[in-house]
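> Okay, predicted coordinates and the sequence, questions at the end:
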Amino acid sequence: MFTRLPVIPQYFLPKQALTAFAGLVAGAQAGRVTTGLIRWFIGKYKVNMAEAANPDIHSYRTFNEFFTRALRSGARPIADADFVSPVDGAISQFGKIDEDQIFQAKGHNYLTTALVGGDIALAEQFRHGSFATLYLSPRDYHRVHMPCDGRLMRMIYVPGALFSVNPTTARGVPNLFARNERVVCVFEGAQGPFILVLVGATIVGSMQTVWHGVINPPRTGKIREWRYDKQHLVLKKGEEMGRFLLGSTVVMLFQKDVLSFNPVWQSADAIRLGEKMADRMDGTAG
C-alpha cells in the first residue's frame with residue numbers, strides 16, 4: 001500500500017494533454033527561450049555537455065535537438081563482449097523470465113504477452129528466457145543503440161497509458177511497462193530472435209527509429225504493425241536504432257539459454273552505452 005501512495009496522483013493527471021503540450025514546447029524554435037530552457041535543464045540535471053558532439057547550447061534550434069544530441073566520437077567505446085548495454089541509464093531489473101512472467105519490482109510481475117501487445121506466438125518464443133529493463137533518467141543520453149547485431153523483422157506500436165517510468169512508479173503501478181505506450185522491435189540475431197521495447201512515459205513527446213522516423217504521434221489508440229522480413233535491414237552492435245524525445249525505459253527480451261549477464265551487474269547500478277552486458281551462454285563469440 002505504501003509503495004502506491006506516491007503514485008496515486010498520476011492516475012488523475014491529464015497525462016495525454018501534458019505529453020502533447022511537452023511535445024509542442026520541446027519542438028518549438030523559440031530562440032532565447034529555447035536556449036534558456038536548455039541552460040536550466042543542464043543545471044538542474046547536471047548534464048555533461050563535454051561528452052556532446054556539439055557542446056554549444058546556443059546552436060540547438062529546439063529543445064528536442066538538444067535532448068537527442070549525439071555524443072562526441074569515442075565517448076562510448078563498444079566493449080569486446082557478445083552483448084553490450086544499448087543505453088546510458090540505470091539497471092532497473094534483469095534476470096530470468098519465470099515461465100512468461102517478467103519481474104518489474106517487489107510484488108509486481110507482468111506478462112511477456114502483454115508487453116509485446118498481445119501476440120501470444122511471439123511471446124512464447126521468450127518463455128524461460130532472459131530480460132533486462134534499463135531506465136533512462138532526464139540527464140542521460142537518449143539515443144538507443146543495438147546490444148548485438150540484428151536483422152529487423154517487425155515493429156509493433158502498442159498504445160497505452162503514459163505513467164512515469166521512474167523507480168518509484170515501477171514499485172507502485174502494476175504492469176507498468178506492459179501498460180504504457182510502447183514500440184516493440186523484433187530482431188533476428190546469431191543467437192535467435194530478440195526484442196527491444198521502447199517504453200513511453202509522461203511527457204515523452206515521441207519515440208522514433210532510424211528506419212522509420214517518428215512513430216508517435218499520431219496516437220490513434222490502435223495497435224499498428226510494420227513487417228520488414230522481406231527486406232535485409234541489418235543493424236550492427238553499437239549502432240543507433242532509435243531515440244526518445246524526452247526520457248523513458250528500454251526492455252530487452254532474449255530466448256532461453258542464450259546469454260549470461262555480466263556478473264558485476266546489480267539492480268539500480270548506473271550503466272553506460274557500450275559497456276559489457278552479457279556473453280553468449282555457449283561461450284562462442286557473437
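Cool, the structure landed. Numbers count the residues shown, from 1 in each chain.

> tell me the phi and psi of the most far-flung residue of the chain relative to its centre?
Centroid-distance maximum for the chain: Arg32 at 30.6 Å, with CA atoms, centre = their mean. Reported as degrees, to the nearest 10, the phi and psi values for Arg32 are phi -60, psi -30.

> The one 4 residues further on too?
Here the main-chain torsion angles of Gly36 (degrees, to the nearest 10) amount to phi -60, psi -40.

> now do the one 3 residues further on
For Arg39, the backbone dihedrals (degrees, to the nearest 10) come out as phi -60, psi -40.

> host element of the residue nearest to Ala132 when sequence neighbours are not counted?
Once flanking residues are discounted, Ala132 sits nearest to Phe94: 4.0 Å by CB to CB, 6 or more residues apart in numbering. To be clear about C-beta, it is placed using only N, CA and C from the backbone, and glycine gets the same treatment. Assigned by DSSP states H and E, Phe94 falls within strand 89-96.

> so what does that strand touch, helix or strand wise?
Packed against strand 89-96, as judged by 3 or more CB pairs under 8 Å, 6 or more residues apart in numbering; DSSP states H and E, are the following elements: strand 101-105, strand 130-135, strand 270-271.

> Mean neighbour count, these: which tops it?
Mean neighbour count (mean count of other CB atoms under 10 Å) peaks for strand 130-135 among these, with a mean of 24.

> orientation of that strand relative to strand 101-105 in degrees?
Per axes from the mean of the first three to the mean of the last three CA atoms, to 10 degrees, the angle that strand 130-135 makes with strand 101-105 is 30 degrees.

> quick one: contacts of the following helix or strand past strand 130-135?
The first helix or strand that comes after strand 130-135 along the chain, using DSSP H and E, is strand 143-145. Strand 143-145 has contacts (CB atoms under 8 Å, 6 or more residues apart in numbering) with 68, 70-71, 86-87, 196, 198, 238-244, 250, 273-274.

> Pairing partners for the strand holding Phe94, with directions?
strand 130-135 (antiparallel), strand 270-271 (antiparallel) (DSSP bridges).

> ok, and what's touching it?
103-105, 128-137, 140, 167, 170, 249-250, 261, 265-271.

> rerun at 7 Å
103-104, 130-137, 140, 167, 170, 249, 261, 265-271 (CB atoms under 7 Å, 6 or more residues apart in numbering).

> what does stretch 100-111 give?
Residues contacting stretch 100-111 (CB under 7 Å, 6+ apart): 93, 95, 112-113, 115, 123, 127, 131, 170-171, 174-178.

> Let me see the contact set for Ile223.
Contacts of Ile223 by CB under 7 Å, 6+ apart are Gly117, Ile156, Tyr157, Val158, Pro159.

> Apart from its chain neighbours, what residue comes closest to Arg69?
Counting by CB to CB, 6+ apart, the residue nearest Arg69 is Ala52, at 4.9 Å.

> Can you pick out the most distant pair from the contacts of stretch 100-111?
Maximum pairwise distance in the contacts of stretch 100-111, criterion CB to CB, is 25.8 Å, between Arg127 and Arg171.

> Comparing these two, which residue is more hemmed in?
Arg171 (18 against 14; other CB atoms under 10 Å).

> Confirm that one sits in a strand?
No - read with DSSP: H, G, I helix; E, B strand; the rest coil, Arg171 is helix and lies in no strand.
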